[in-house]
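Peer 1: fold the following, please.
(chains A, B, C and D)
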There are 2 protein chains.
Amino acid sequence: MTGTRAKLITGTLAAIREHGIAGVSARSIAAAAGVNQALIFYHYGTVDELLAAACHASAIACVELYRDRFAGVRTLRELLDVGRELHEREKTDGNVTVLAQLMAGAQNDKKLAAPTAAALALWTDEIEGILRRLLHNSPLGDLADPAGLANAVSAAFIGLELYEGVDPHRAGSAFAALEQLAGLAEVVDDLGPIARRALRSRLRR
Amino acid sequence: MTGTRAKLITGTLAAIREHGIAGVSARSIAAAAGVNQALIFYHYGTVDELLAAACHASAIACVELYRDRFAGVRTLRELLDVGRELHEREKTDGNVTVLAQLMAGAQNDKKLAAPTAAALALWTDEIEGILRRLLHNSPLGDLADPAGLANAVSAAFIGLELYEGVDPHRAGSAFAALEQLAGLAEVVDDLGPIARRALRSRLRR
DNA sequence: GTCTATAGAGGGATAGAC
DNA sequence: GTCTATCCCTCTATAGAC
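Peer 2: Numbering: from 1, shown residues only, chains lettered A, B, ... in the order given. So this is what the prediction gives:
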């Protein structure tokens, strides 16, 4: 935690959160890390390389932090609760913010695309596992693609965090609407065997 | 179209698309606009002001372009088709890309927050109108909040466009999964009156 | 309204002492 | 590994000629 490389990683994440991808620089990172600016180039060669390393470290750490929480999810309701929790903690923690900024930067800086995609993949793989569990005993199970849905969920979450920083009130109403919608999915999930069969046969067409 | 202010607006949008929010500058904008750099400050005072004006102009024009298309949407399927069309045209047009970059920038540049939120509101208001129509004759109608859902839809779309620039394959699978899910909603929408009543009574609890 | 020129700050990256 | 000092570039914004 006290090594220079570690300081640079946490400093980079702090700088992205504070200044956004448009405002990060070797100087702002070094200031946040409390480290000499030249050390960035000694340890990582270029600023992009450091951003890539920080992106990787952040995703690994954050997914690790939520692994147990994710493993305990048994219902859609619980998945939404974890989402809420993640969203609340975002105000102080800011992991999704970092990912969103890197995604925005990666659109026009192709050296950032691969590390950003890898970080996203860590999240979506985790979510895919959860969805696979949730869908297993659902009448929707064999119709929904867990991997694709996990990607959609991640993308939506990224979009919502960006929305939050621009129009918190509307972002909040979006979260609320999604929870209402999930209530519907729970009802479908909870149908008796007869209704279930009817629904499935309809879905087949 | 040939006035300096108009050139600056279209140049700004081009520069955002080409360089992202991290790479736009008075110089890159002036180059894209084919105009002297000092004119930015003469006409708009600061780069942020120009970004705000371009954001507004882009949203107005793009929503206008899709207004008739939106007005014709009668089913969820048709809404998804418009979404697909918007997504396809995004590769050459890039209006959502611009919005996403401005949202990313607005997280840490509070002068961008209000114009970006206003541009988003133009989109969500349009989508809200569509959803209100779609939900009107649906058993879900009185459970779902059209405004909140419209915000969620917009946020998800922004997230998906960012995803597309970083991992096109996974973004594609996300789109596909959402279309599958919409197929389910269509079935629910298409239930006979008896099943409908049963579903509604379950939802009430 | 448009141009050139430039001030003054901040940027990435390197050389070389320690 | 870490530091200072520095090169050279790009940035925003302004002054002043046309």
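
Peer 1: only C-alpha atoms from now on, for both contacts and neighbour counts.
Peer 2: Fine.

Peer 1: what residues sit buried inside stretch A:20-28?
Peer 2: A:20-26, A:28 (16 or more other C-alpha atoms under 10 Å in any protein chain shown).

Peer 1: swap that for stretch A:136-144, please
Peer 2: Those would be A:138-141, A:143-144, for stretch A:136-144 by 16+ other C-alpha under 10 Å.

Peer 1: okay if I get the buried residues of stretch A:20-28 as CSV plus pLDDT?
Peer 2: Shown next, in CSV, are those (pLDDT from 0 to 100):
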residue, pLDDT
A:Gly20, 98
A:Ile21, 98
A:Ala22, 98
A:Gly23, 98
A:Val24, 98
A:Ser25, 98
A:Ala26, 98
A:Ser28, 98
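
Peer 1: closest to B:Val35 among these?
Peer 2: A:Ala22 (23.7 Å; C-alpha to C-alpha).

Peer 1: and the closest one, how far from A:Ala119?
Peer 2: 20 Å (C-alpha to C-alpha, to the nearest Å).

Peer 1: over to A:Gly34?
Peer 2: 26 Å.

Peer 1: near DNA strand D, which residues of chain A show up?
Peer 2: Neighbours of DNA strand D within chain A, by C-alpha under 7 Å from any atom of the strand: A:3-4, A:35-39, A:42.

Peer 1: what's downstream of the longest helix along chain A, the next helix or strand?
Peer 2: In chain A, assigned by DSSP state H, the helix with the most residues is helix A:110-136. Note on helix A:110-136: by DSSP states H and E, the next helix or strand toward the C-terminus is helix A:146-164.

Peer 1: for that next one, packing partners?
Peer 2: helix A:95-106, helix A:110-136, helix A:168-189, helix B:95-106, helix B:146-164, helix B:168-189 (3 or more C-alpha pairs under 8 Å, 6 or more residues apart in numbering or on different chains; DSSP states H and E).

Peer 1: quick one, it and helix B:95-106 angle?
Peer 2: With axes from the mean of the first three to the mean of the last three C-alpha atoms, to 10 degrees applied, the angle from helix A:146-164 to helix B:95-106 works out at 60 degrees.

Peer 1: keeping just the C-alphas, turn helix A:146-164 into CSV.
Peer 2: Provided in CSV are the C-alpha atoms of helix A:146-164 (Å, rounded to 0.1, in the frame of the first residue of the first chain):
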residue,chain,number,x,y,z
PRO,A,146,-27.7,-14.5,-19.5
ALA,A,147,-24.5,-13.2,-21.1
GLY,A,148,-26.3,-10.7,-23.2
LEU,A,149,-28.5,-9.6,-20.4
ALA,A,150,-25.4,-9.2,-18.1
ASN,A,151,-23.9,-6.9,-20.7
ALA,A,152,-27.1,-4.9,-21.0
VAL,A,153,-27.4,-4.6,-17.2
SER,A,154,-23.8,-3.3,-17.0
ALA,A,155,-24.3,-0.8,-19.8
ALA,A,156,-27.5,0.5,-18.2
PHE,A,157,-25.8,0.9,-14.9
ILE,A,158,-22.9,2.9,-16.4
GLY,A,159,-25.5,5.1,-18.2
LEU,A,160,-27.4,5.6,-14.9
GLU,A,161,-24.2,6.7,-13.1
LEU,A,162,-23.4,9.2,-15.8
TYR,A,163,-27.0,10.4,-15.6
GLU,A,164,-26.7,10.8,-11.9
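
Peer 1: any chance of the buried residues of stretch A:136-144 in CSV, plus pLDDT and distance to A:Arg89?
Peer 2: Listed next are those as CSV, based on pLDDT from 0 to 100; distance: C-alpha to C-alpha, whole Å:
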residue, pLDDT, distance to A:Arg89
A:Ser138, 81, 30
A:Pro139, 78, 33
A:Leu140, 76, 31
A:Gly141, 77, 31
A:Leu143, 79, 33
A:Ala144, 88, 30
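
Peer 1: mind putting those in TSV, distance to DNA strand C included?
Peer 2: Shown next, in TSV, are the buried residues of stretch A:136-144 (distance: C-alpha to the nearest atom of the strand, whole Å):
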residue	distance to DNA strand C
A:Ser138	50
A:Pro139	52
A:Leu140	48
A:Gly141	48
A:Leu143	47
A:Ala144	44
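
Peer 1: nearest to A:Val73 among those residues?
Peer 2: The closest of the buried residues of stretch A:136-144, once distances to A:Val73 are taken by C-alpha to C-alpha, is A:Ser138, at 14.9 Å.

Peer 1: how about the closest residue to that closest one other than its chain neighbours, what does it touch?
Peer 2: Sequence neighbours aside, A:Asp189 is the residue nearest to A:Ser138 in space, at 5.5 Å (criterion: C-alpha to C-alpha, 6 or more residues apart in numbering or on different chains). Contact analysis of A:Asp189 by C-alpha atoms under 8 Å, 6 or more residues apart in numbering or on different chains lists A:138-140.

Peer 1: how close does A:Asp189 sit to A:Ala30?
Peer 2: 52 Å.

Peer 1: measure A:Ser28 to DNA strand D for me?
Peer 2: 14 Å (C-alpha to the nearest atom of the strand, to the nearest Å).

Peer 1: with respect to DNA strand C, which of the helices and strands packed on helix A:146-164 lies nearest?
Peer 2: helix A:110-136 (11.7 Å; C-alpha to the nearest atom of the strand).
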